[in-house]
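> Only the shape, not the letters, is given here:
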C-alpha cells in the first residue's frame, strides 16, 4: 500500500500562487508515475498534471499549461504542484494520486489517492 498526504491548499486571490505538496509513504518503490487531479462540486474529477517517477516526463492539461508546474523530489518521496497566475476557475479540491504504470491522464489507472486539499481563488 501507498499512502499519500497533500498539503498547501488555501485561499488566494486571482493572479496569485500556491504550491501543493504530496508526500508518499509505504511501498513507494511500486510507484511509476504520480498525478494531480481536481474536482469541483457536481463535476467529474479532471486531470491537471502528471510526472513519471524516474524520468523527467511531465504532462499537463491544456487549461493549466504555462501556469502550473509539476515536479518531484524522489529523496523525499514528494511531488509538488506549483500553481501560478491562478484563476477563479482553478478553484477545486486537488487530489494527488500514485500510479504503478505510466499512463497518466486517466484517473482510473491510478492505484492510490490522497484525501485532497482545497484551493479557493477569489476574484
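Now that the structure is in, tell me what you want to look at. Model, not experiment: these values are computed from the prediction. Numbers count the residues shown, from 1 in each chain.
> Where does the residue nearest the centre of the chain fall, secondary structure wise?
In the chain, the centroid-proximal residue (CA atoms, centre = their mean) is residue 36; its distance is 2.2 Å. When elements are assigned from DSSP states H and E, residue 36 belongs to strand 33-39.
> Next, count neighbours for the nearest residue to the residue nearest to the centre of the chain once chain neighbours are set aside.
Spatially, and ignoring its direct neighbours in sequence, residue 36 is nearest to residue 48 (4.3 Å; CB to CB, 6 or more residues apart in numbering). Quick note: C-beta positions are derived from backbone N, CA and C, even for glycine. Close neighbours of residue 48, defined as other CB atoms under 10 Å, add up to 24.
> Thought residue 39 was touching residue 48, still the case?
No: between residue 48 and residue 39 there is no contact under CB atoms under 8 Å: 10.2 Å.
> before we move on, the earlier item: which SS state does the residue nearest to residue 36 fall under?
Of the three states, residue 48 takes strand according to DSSP: H, G, I helix; E, B strand; the rest coil.
> Look up how far residue 81 lies from it.
The gap separating residue 48 from residue 81 is 7 Å, by CB to CB, to the nearest Å.
> go on, residue 12?
Per CB to CB, residue 12 is found 13 Å from residue 81.
> more crowded one of these two?
Shown here are residue 12 and residue 81; by other CB under 10 Å, residue 81 has more neighbours (26 against 17).
> In space, what's closest to that one - neighbours in sequence excluded?
What sits nearest to residue 81 in space, not counting adjacent residues and going by CB to CB, 6+ apart, is residue 20, at 4.2 Å.
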